[in-house]
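Undergrad: sequence and predicted structure are below.
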Amino acid sequence: MTKQNGGKDPGYFLDLEEGVVGRELFVSEELYEREQEQVFARAWLLIGHESLIPKKGDFFVSRMGEESVLLTRDRKDKIHVFLNSCPHRGMKICRYDEGNSKVLECPYHGWGFSLDGRLAAVPHQKAYMDVLDTEKWGLTEVAKLANYKGSIWATWDPEAPEFADYMGEALLHLDTVLDSRDGSEGGSIVLPGIQKCIVPSNWKFGAENFVGDIYHNHSHASVDMVGIGPSGKGRRDDEEMMTANKTIMRCWNMPMGHGGISSLQLDDYPYAPVYRDYPEIDAWFKECYELRQERLGKKARLLGAVGTIFPNMSYHGTQPRSMFVWHPHGPNHMEFWRFYLVDKDTPDSVKDVLRHYYMRYSGPAGLTEQDDLENWNYATAASRGVIARRRPYNYQLGMGLRTRQEGIPGDVCERLMTEDNQRNLYKTWDRFMQGQSWTDITS
Ligand code: FES
Ligand SMILES: [Fe+2]
């Protein structure tokens with residue numbers, strides 16, 4: 001078997017022409033460390049959503065790779081992302097999940113930082129004998145920050161392309177999550193209560209599953225039989241996506257490693273009821289649907305099922321409408337966060353039905369997610385042994401079947417049963433790991 005990288009041994013096996021990927025990508029401590037530097041210290045990462053910090057002085061603790069970061073809204077209403085580590089001796093400044101404060105005071109020696117990251121208060125400052133330059137000892141801020149329709153993204157790399165360039169046409173797929181159901185731009189908020197759990201699995205299992213693994217539906221046979229659809233019946237996920245609106249469903253991917261599954265509604269697509277047991281709820285969705293068609297016309301045809309934005313952000317575009325992050329937590333663990341989105345003017349009765357559906361479906365206690373987590377957990381554990389590591393994984397499904405489909409941005413796979421999106425994800429991962437320049441990575 002050949003290795004990529006022009007014969008130079010990169011320390012892992014990857015032959016994407018052949019569709020074969022070494023197991024060390026999922027279990028190696030050494031590669032994990034390199035990922036922190038080459039991938040997570042460079043790529044754009046999802047931090048959270050502006051609705052988590054609506055007021056001045058609000059903060060929310062998030063992560064970038066392994067590192068804890070603070071999302072804040074300062075006194076001038078400006079949003080920031082800082083490393084949650086004190087410049088004095090490294091103490092984690094904020095150990096709560098979220099809150100509101102005039103100042104962020106370090107618990108160790110009491111240095112106080114304003115919400116814009118400046119060092120604003122130093123106990124016993126006179127003892128520094130004018131040596132301490134407070135201008136230089138503020139919090140470490142990210143190199144670039146983007147607020148895209150309320151979702152907050154950041155990168156540590158000042159050389160990184162602007163967020164819109166990093167995303168390319170993947171933004172149009174992400175819009176299917178972030179835009180309001182009536183077709184107006186943005187307008188979503190996070191439902192209070194973010195699901196977080198630590199899972200004994202490498203983070204890439206989550207990323208590659210949501211980049212477009214329809215092949216694994218085999219795992220969900222039992223939950224589909226139980227019927228936990230939004231109406232309490234039928235398929236577990238998207239009646240509105242899968243059947244109600246008569247769609248063409250395709251896997252799509254892009255050079256930056258982003259990919260997913262989106263659907264294109266056919267021209268004749270009247271509203272079909274999804275929430276049949278809840279006439280009031282269904283009436284609200286019908287109204288939104290009709291407004292959307294009126295507002296967007298043909299543009300309204302794209303519906304996002306799932307997707308992964310390289311490296312570790314994924315989403316569900318319709319139900320359960322959510323953004324999630326696979327935070328790395330060592331080679332054999334990840335911290336999995338899910339943010340559920342609704343339109344900000346959604347009636348409480350609708351929110352309540354959705355909230356219950358989201359809990360039935362997702363998270364460690366959700367029926368569908370349990371299937372996925374069990375697969376990734378056991379795959380990680382069963383891949384760690386000396387003998388197990390000798391056998392690479394197979395990614396040969398749907399080789400060489402890339403095409404274009406008008407109305408679906410990106411390259412599209414001719415068949416839905418494909419691992420082209422996963423191969424594309426690891427191609428980008430490999431470019432990052434080799435320390436390629438942004439010009440080479442994005443070419
Ligand atoms: S570690 Fe924060 S003030 Fe000393
Ligand atoms: Fe799944």
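TA: The structure has been received and is ready for your questions. Numbering: from 1, shown residues only. Ligands and ions are numbered 1, 2, ... in the order given.
Undergrad: could you report the neighbour count for residue 128?
TA: 11 (other CB atoms under 10 Å). Quick note: C-beta positions are derived from backbone N, CA and C, even for glycine.
Undergrad: OK, contacts around the residue lying closest to it once chain neighbours are set aside?
TA: Using CB to CB, 6 or more residues apart in numbering and skipping the chain neighbours, the partner closest in space to residue 128 is residue 122 (7.0 Å). Contacts for residue 122 (CB atoms under 8 Å, 6 or more residues apart in numbering) come out as 110, 111, 112, 128, 132, 134.
Undergrad: which ones, among those, also lie beside ligand 1?
TA: 110, 111 (CB under 6 Å from any ligand atom).
Undergrad: which among the contacts of residue 122 gets closest to residue 63?
TA: residue 111 (22.4 Å; CB to CB).
Undergrad: which residues touch the closest one?
TA: 86, 87, 88, 105, 119, 121, 122, 123, 137.
Undergrad: can you do 7 Å?
TA: By CB atoms under 7 Å, 6 or more residues apart in numbering, the contact list for residue 111 reads 86, 88, 119, 122.
Undergrad: what's the spacing between it and residue 66?
TA: 23 Å (CB to CB, to the nearest Å).
Undergrad: if we can go back for a sec, which two from the contacts of residue 111 end up farthest apart in space?
TA: Counting by CB to CB, the most remote pair of those is 86 and 122, 11.6 Å apart.
Undergrad: just give the closest residue to the most centrally placed residue in the chain, not the sequence neighbours.
TA: Centroid check for the chain by CA atoms, centre = their mean gives residue 313 as the closest residue, at 1.7 Å. Of all residues not flanking residue 313 in the chain, residue 46 sits nearest, at 4.1 Å (CB to CB, 6+ apart).
Undergrad: the one you found sits in which helix or strand?
TA: When elements are assigned from DSSP states H and E, residue 46 belongs to strand 45-49.
Undergrad: what helices and strands are in contact with that strand?
TA: strand 58-64, strand 67-73, strand 151-155 (3 or more CB pairs under 7 Å, 6 or more residues apart in numbering; DSSP states H and E).
Undergrad: so for ligand 1, which of those sits nearest?
TA: Taking CB to the nearest ligand atom, strand 67-73 is the member of the helices and strands packed on strand 45-49 nearest to ligand 1, at 13.6 Å.
Undergrad: which pLDDT value goes with residue 404?
TA: We have a pLDDT of 89 for residue 404.
Undergrad: can I assume it sits in a strand?
TA: Yes - judged by DSSP: H, G, I helix; E, B strand; the rest coil, residue 404 forms part of a strand.
Undergrad: my read: it touches residue 412, true?
TA: Yes - applying CB atoms under 7 Å, one finds residue 404 in contact with residue 412, separated by 6.0 Å.
Undergrad: now the helices and strands packed on strand 45-49 in JSON lines, with mean neighbour count, distance to residue 205 and mean pLDDT?
TA: Formatted as JSON lines, those follow (neighbours: other CB atoms under 10 Å; distance: least, CB to CB, whole Å; pLDDT from 0 to 100):
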{"stretch": "strand 58-64", "mean neighbour count": "23", "distance to residue 205": "18", "mean pLDDT": "98"}
{"stretch": "strand 67-73", "mean neighbour count": "22", "distance to residue 205": "21", "mean pLDDT": "98"}
{"stretch": "strand 151-155", "mean neighbour count": "24", "distance to residue 205": "23", "mean pLDDT": "98"}
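Undergrad: which one of these lies nearest to residue 304?
TA: Closest of these to residue 304 is strand 151-155, at 13.6 Å (criterion: CB to CB).
Undergrad: partner strands of that closest one, with direction?
TA: strand 45-49 (antiparallel), strand 144-148 (antiparallel) (DSSP bridges).
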